[in-house]
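> Would you be able to build a 3D model of this:
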Amino acid sequence: MWRPILLPLTMACFATAALASEAEGGGGSSALITPRIGTIFWTVVTFIALTVFLRLVAWKPLLRAIEERERAIRESIEQARRDRDEAATMIEQHRQILSQARQERLEAVDAGRKDAERLKAEILEEARRQREHTLKQTQSQIETALRQAQGEIRAAAADLAVRAASKLVASSLDETAQRRLVEEYLADLEREGGHAGSSPS
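This next block holds a predicted model:
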């Protein structure tokens, strides 16, 4: 920091000393080596004058430039710190977003699995209801067909019984007795058919 100031001061001191030696009698280069009162005086005066001049003219701009440079460096450091903090914040936000996306994906997979299980249960329940309904319809149709077959069998048996009875007793019974015998036989068949219909299938 002092080099730009010391170099002009040194040059000014040598110039002042040379001028002073020439003013005192021109002793040549030996005047710079041999100390003299005039040389010392003019050197000190020149140094003080140059110092005052530099303080008034150059010192404040130099200090201002140094302060500006220091402020720029400090602002750069602050900006770098802010950028670093912002980058850390963005990294944390991205990490949270990734974690949230991963959680949402897991929740979506779990929801899909639950929906699939619910749909499977509904399909199985509907198949069970349809099977039970089909079984009930089939059983009802079987019972209806069975009752119809029993009725047809009873009617056919009654016809056969009437024919057989008419042939057997045609010679010994009159028409009223034949009718009464047939009615009794039909009543017996009806009773037997009622017992057969009430028995478990």
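
> alpha carbons only for contacts and neighbour counts from here, please
Fine.

> So which elements touch the helix ranked longest in the chain?
As far as residue count goes, and with DSSP state H defining each element, the longest helix of the chain is helix 60-168. In terms of contacts (3 or more Cα pairs under 8 Å, 6 or more residues apart in numbering; DSSP states H and E), helix 60-168 is packed against helix 175-198.

> Can you give me the neighbour number for Thr43?
As a burial measure, the neighbour count of Thr43 was computed by other Cα atoms under 10 Å and equals 21.

> Look up how far Leu50 lies from it.
10 Å (Cα to Cα, to the nearest Å).

> for Arg69, same thing?
Distance of Arg69 to Leu50, given as Cα to Cα: 26 Å.

> between the two, which one's more packed in?
When Arg69 and Leu50 are compared for neighbours, Leu50 comes out ahead with 17 against 12, by other Cα under 10 Å.

> buried ones in the host helix or strand of that one?
Assigned by DSSP states H and E, Leu50 belongs to helix 37-54. Residues of helix 37-54 classed as buried by neighbour count (16 or more other Cα atoms under 10 Å): Thr39, Trp42, Thr43, Thr46, Phe47, Leu50, Thr51, Leu54.

> Sort out which one of those residues lies nearest Met90 for me.
Among the buried residues of helix 37-54, Leu54 lies closest to Met90 (Cα to Cα), at 51.1 Å.

> Domains in the chain, by residue range?
When the chain is parsed into structural domains using automatic domain parsing, the resulting residue ranges are 3-84, 141-198.

> average model confidence for the first one?
So the one you mean is domain 3-84. Confidence for domain 3-84, expressed as mean pLDDT, is 73.

> Same check on stretch 142-150?
In this model, stretch 142-150 has a mean pLDDT of 87.

> Alpha carbons of it, as PDB, please.
In PDB, the C-alpha atoms belonging to stretch 142-150 read as follows (Å, rounded to 0.1, in the frame of the first residue of the first chain):
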ATOM      1  CA  ILE A 142     -87.100 -79.100 -10.000                       C
ATOM      2  CA  GLU A 143     -89.700 -79.000  -7.300                       C
ATOM      3  CA  THR A 144     -92.300 -77.800  -9.800                       C
ATOM      4  CA  ALA A 145     -91.400 -80.500 -12.300                       C
ATOM      5  CA  LEU A 146     -91.500 -83.100  -9.500                       C
ATOM      6  CA  ARG A 147     -94.900 -82.000  -8.400                       C
ATOM      7  CA  GLN A 148     -96.100 -82.000 -12.000                       C
ATOM      8  CA  ALA A 149     -94.700 -85.500 -12.600                       C
ATOM      9  CA  GLN A 150     -96.300 -86.800  -9.400                       C
END
